[in-house]
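The sequence and its predicted three-dimensional model are supplied below.
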Amino acid sequence: MPSADLPEGHDKHPHAPGADGHVPPSAESPRSDRESGHHHHGPDGHRHDRPPSQGGEAPAPDRSHAAPGHGGHRHGEPAAEGHDKHAGHSVEMFRTRFWIALVLTLPTLAWGAMLPHLLGYTPPRFPGSTLLPPLPGSAVFLYGGAPFLAGAVRELRARLPGMMTLIALAILVAFGYSLAVMLGAPGMPLWEELATLVTIMLLGHWIEMRSITQARGALAELADGGEDRVLALAAARSGGHGGRPAARW
């Protein structure tokens, strides 16, 4: 009986092996593609992974199409990249500024109003002695307070106000108020308080930076010789055998 006419291009035996017994790739079952986890490309040009067969591991989610412009930050979090509150600080800088500020603070206190009243003495008077509290106090503000003012600017630019901003605000208010009183505004100047605050803050940051530097040095030393110490300790516990300790299962 003659066979029915088939559409043009249709092979009667799509699964017939070739002369060497090999089945053409196009004749393989579509199921084998699903089971083997082959990758297929959709009409949009992106790769779509077929799910593996039962018992296989689930494919990792494709993170290549992340939303641009986020840079790994969560919504609502400020981008604090590049912000370091100790940028440009060193032990030597705070130490030098502390000693200079301390020398300038002594005449500010000696010719001020608070210390003579507490100790019951009258400071010596000479031409220009009335300028002793304002001049050294202003020098302490400009020289000793510079690291705190610069740190406050960095914190505000990063939208992360902290200790530097607090110190800068305090010394700015004290300096502005004392300058206004010296120019004729009613009130009592705060040159002594200003100089004392800056000097104490410089001392505190000097101690802080020294502690940070020592801690960093200890961590670097531990990182350099830590592996050798661990291996030596492991060898001593294993009975003096050198080399890395064998893993226990």
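Great, that's in hand.

Every contact and neighbour count from this point should use C-alpha atoms.
OK.

Stretch 151-165 spans what distance, first to last residue?
Taking CA to CA, to the nearest Å, the first and last residues of stretch 151-165 lie 7 Å apart.

which secondary structure elements does the longest helix along the chain contact?
If you go by DSSP state H, the chain has its longest helix at helix 191-237. With contacts defined as 3 or more CA pairs under 8 Å, 6 or more residues apart in numbering; DSSP states H and E, helix 191-237 has these neighbours: helix 91-110, helix 134-139, helix 163-182.

Would you mind pulling up the elements that the shortest one packs against?
Contacts defined by 3+ CA pairs under 8 Å, 6+ apart place helix 134-139 against helix 91-110, helix 191-237.

for the helix or strand that it is followed by, which positions count as buried?
Later in the chain than helix 134-139, the nearest helix or strand by DSSP states H and E is helix 146-157. Neighbour counts over helix 146-157 (16 or more other CA atoms under 10 Å) mark 147-149, 151-155 as buried.

most packed of the helices and strands packed on helix 134-139?
helix 91-110 (a mean of 19; mean count of other CA atoms under 10 Å).

Show me which of the buried residues of helix 146-157 is closest to residue 183.
Of all the buried residues of helix 146-157, residue 183 sits closest to residue 149, with 23.7 Å by CA to CA.

Wait, that closest one touches residue 164, no?
Yes. Counting by CA atoms under 8 Å, residue 149 does reach residue 164; the two are 7.2 Å apart.

Excluding chain neighbours, give the residue nearest to residue 102 in space.
Ranked by CA to CA, 6 or more residues apart in numbering and with sequence neighbours excluded, the top spatial neighbour of residue 102 is residue 199, at 6.1 Å.

residues in contact with that neighbour?
Residues in contact with residue 199 (CA atoms under 8 Å, 6 or more residues apart in numbering) are 98, 101-102, 105, 140, 144.

Just send the residues you listed back as JSON lines, with distance to residue 208 too.
Shown next, in JSON lines, are the contacts of residue 199 (distance: CA to CA, whole Å):
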{"residue": "98", "distance to residue 208": "13"}
{"residue": "101", "distance to residue 208": "18"}
{"residue": "102", "distance to residue 208": "18"}
{"residue": "105", "distance to residue 208": "22"}
{"residue": "140", "distance to residue 208": "20"}
{"residue": "144", "distance to residue 208": "16"}
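
Of those residues, which is the nearest to residue 221?
residue 98 (29.6 Å).

Would you enumerate the residues in contact with the closest one?
Residue 98 touches 144, 199, 202-203, 206, counting by CA under 8 Å, 6+ apart.

show me where pLDDT drops low in the chain?
In the predicted model of the chain, residues 1-88, 225-228, 230, 239-249 satisfy pLDDT under 70.

re earlier: need the contacts of residue 98 in TSV with distance to residue 232, can you?
Rendered in TSV, the data for those read as follows (distance: CA to CA, whole Å):
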residue	distance to residue 232
144	49
199	48
202	44
203	42
206	38
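
tally of neighbours for residue 168?
Using other CA atoms under 10 Å, residue 168 is surrounded by 22 other residues.

quick revisit: can you add distance to residue 128 and give the helices and strands packed on helix 134-139 back as TSV?
Formatted as TSV, the helices and strands packed on helix 134-139 follow (distance: least, CA to CA, whole Å):
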stretch	distance to residue 128
helix 91-110	13
helix 191-237	16
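
Please identify which of those is closest to residue 185.
That would be helix 191-237 among those, by CA to CA, at 14.8 Å.

From residue 129, how far out is the residue lying closest to residue 202 once chain neighbours are set aside?
Of all residues not flanking residue 202 in the chain, residue 98 sits nearest, at 5.3 Å (CA to CA, 6+ apart). From residue 98 across to residue 129, the span is 24 Å (CA to CA).

contacting residues around stretch 117-128?
In this structure, residues lying in contact with stretch 117-128 by CA under 8 Å, 6+ apart are 110-111, 116.
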